Structures are given as structure tokens and as C-alpha cells.
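S.K.: how would this look folded up:
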Amino acid sequence: YMVDIKDPEDSFSVAEFQERVRKHIREITERGKLPIIVGGTGLYIQSVLFDYQFTDDAGDTIYREQMEKLALERGVEYVHKKLQEVDPESAERIHANNVRRVIRALEIFHTMGEKMSDQLEKQENELLYDVSLIGLTMDREMLYDRINLRVDIMMDQGLLEEVEGLYNRGIRDCQSIQAIGYKEIYDYFEDRVSLEEAVSQLKTNSRRYAKRQLTWFRNKMDVTWFDVTDGEKTSEILRYIEGKLQLKSNNSK
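M.R.: Numbering: from 1, shown residues only. Prediction:
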């Protein structure tokens, strides 16, 4: 599920992710099966499990037109820099040339006085599902070594050629190109850095992202952690899940 569902040019919002995943959850549970969600950033997982509401109500036409005028007169980088100042998370996610989304993020901050992610966190949302959150952790140095190795494997398995194909198709300024693994290689094809520098930056960005996500899940969600520093814990995790299911079955009798 949810693999190869978008073209590189397509955008993909947290609201659409929420809608699609919940649809799959319904379909799977109706077949008497257990849905298991693997991966996803903290915000996206929260949006599915909790009753988060997304709205397009936040708007200020006059402000939007002012930003559009600024983009025309002073350039898209100027407007993107304004977003970096108030919402660095969105600025990192949205390419400067995607003016519509940059201005939309600025508009939300201007109207609401806070970032979209902060706004969602303040919602007092109910948990929609009976869930068990499982996380894997390991020694930090080992984790970073694994991440570096993963990048090397990605390069060996054709990441450079994949990105080159997108670049040669003229795909620019898309949400997907801002993803870690693409934006660093794009810098190489645009002669901003050497290939060695691009790969090094990809490793650095991947490690930083892992650190941010670990912090998010530890601070925001009730996760049961399994330390896999000394090896896989598949059997232990399966026993944990089976115990949870048995407890649920007993309580429902």
C-alpha cells in the first residue's frame, strides 16, 4: 500500500496522506485483518491516528496579493527567505520556486500567528484507533554508520541514474525534489557541488533527519521502544504484539 502512487511532479499533503491511509485502514479491518503502518514522519502518523482537522479557512487575500507582488518585484528567493524566518520547517520542505505553496505557508502564519505544525499540535485530538506504537532504536554511533552505509547502497543501486533521469526530464521545483536524496543530487547536476560533496551532504542530512524524528517520537507519542543494537528483536516484538492482541480479545469478551 501507498507505494508508487504519485508521479514526481505531483504534490502530496498531510491531509491527502491522512485520507488515503484511513481508507486503507477501513478496507483492511473490514477483511478481518490487522493494519500495520510502517514508516512515516511523526506529523503524518499523528494526522492518521488522531482526529486532526485540516482547513483552508486561514486566508488573507490582501496579504497574499502583497506576497505575490513581492515575488514578482524582488524575486522568489526573497519571499522564500521570509518563510525561512517564520517557519523554517516549511521552508526546508517547499522549494523557493514553488511560489504558490511558499505564499500559502506565509499566509497561514500571517493569519494564525503560528506555523501549521504548531497549530496541529495544539489541537486536543482524540485517538481514533486502538493502537500500539512500536519503535526501533540502537546505539547512536551504530545508527549513523547504518545510515551512511544505506546511502552508499542507494548510490550503488542507481540513485544517481534515477535522479539524472528526473533532471533530464526537466522536472524542477517540485515537492518531491525537496526530499532527502534528491535535492542533494540535484545540486550536483546543477554544478553547485561535486558528486563527493553531494553524497556527503546526503549522509549528513539523513543523520540529522533521523535525529529529529527520534526526538519527535520520544517527545510527542507513546512509543514502546525496542533496542536492536545487539541484533534484531523480531521474535520479541511479535510476542509483544500477540500479547496486546490477546489482552484486547480478553477485554472484549
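S.K.: gap between the residue nearest in space to the middle of the chain and Glu107?
M.R.: Among the residues of the chain, the one closest to the centroid is Thr41, at 4.3 Å (Cα atoms, centre = their mean). Look at Thr41 and Glu107: by Cβ to Cβ, to the nearest Å, they are 23 Å apart. Glycine gets a C-beta too; all of them are placed from N, C-alpha and C.
S.K.: which residue ranges form the strands in the stretch 151-253 of the chain?
M.R.: 223-227 (DSSP state E, counting those that start in this stretch).
S.K.: those helices in it, which residues are they?
M.R.: Assigned by DSSP state H, counting those that start in this stretch, the stretch 151-253 of the chain shows helices spanning 159-168, 183-189, 195-220, 234-251.
S.K.: if we can go back for a sec, backbone phi and psi for the residue nearest to the centre of the chain, please?
M.R.: With angles defined as degrees, to the nearest 10, Thr41 sits at phi -70, psi 160.
S.K.: pLDDT score assigned to it?
M.R.: Thr41 is assigned 80 on the pLDDT scale.
S.K.: which ones are touching it?
M.R.: Gln213, Trp216 (Cβ atoms under 8 Å, 6 or more residues apart in numbering).
S.K.: ok so, going back, worst average pLDDT in the helices of the stretch 151-253 of the chain?
M.R.: Per-stretch mean pLDDT for these is lowest at helix 234-251 (a mean of 89).
S.K.: Report the helix or strand with the lowest average pLDDT across the protein.
M.R.: Scoring the helices and strands of the chain by mean pLDDT, DSSP states H and E places helix 116-122 at the bottom, with a mean of 65.
S.K.: Tell me the first helix or strand C-terminal of that one.
M.R.: Downstream of helix 116-122, the first helix or strand assigned by DSSP states H and E is strand 133-137.
S.K.: Let me know the average pLDDT across that next one.
M.R.: On average, the pLDDT along strand 133-137 is 93.
S.K.: what comes up buried for it?
M.R.: Under the neighbour-count criterion of 16 or more other Cβ atoms under 10 Å, strand 133-137 has Ile134 buried.
S.K.: so how far is it off the chain centroid?
M.R.: Taking Cα atoms, centre = their mean, to the nearest Å, one finds strand 133-137 lying 17 Å from the centre of the chain it belongs to.
S.K.: Mind listing residues that contact it?
M.R.: In contact with strand 133-137 (Cβ under 8 Å, 6+ apart) are residues 143, 214, 217, 221-229, 233, 237, 240-241.
S.K.: which residues touch Ile45?
M.R.: Ile45 neighbours (Cβ under 8 Å, 6+ apart): Ile37, Met221.
S.K.: any idea which element it lies in?
M.R.: Per DSSP H and E, Ile45 falls inside helix 42-49.
S.K.: buried stuff in that helix?
M.R.: Residues Gly42, Leu43, Tyr44, Ile45, Gln46, Ser47, Val48, Leu49 are the ones in helix 42-49 that count as buried (16+ other Cβ under 10 Å).
S.K.: can you tell me how far the first one sits from Asn250?
M.R.: So that's Gly42. Distance, Gly42 to Asn250, using Cβ to Cβ: 31 Å.
S.K.: repeat for the fifth one
M.R.: Relative to Asn250, Gln46 is positioned 29 Å away (criterion: Cβ to Cβ).
S.K.: just the last one next, same as before
M.R.: If you measure Leu49 against Asn250 using Cβ to Cβ, the figure is 23 Å.
S.K.: got it, and His95?
M.R.: His95 is 52 Å from Asn250, where distance means Cβ to Cβ.
S.K.: again with Val86
M.R.: Distance of Val86 to Asn250, computed by Cβ to Cβ: 51 Å.
S.K.: ok, so of the buried residues of helix 42-49, who is nearest Ile5?
M.R.: Distances from Ile5 to the buried residues of helix 42-49, taken as Cβ to Cβ, are shortest for Tyr44 (14.1 Å).
S.K.: where does the closest one land on pLDDT?
M.R.: Tyr44 carries a pLDDT score of 84 in this model.
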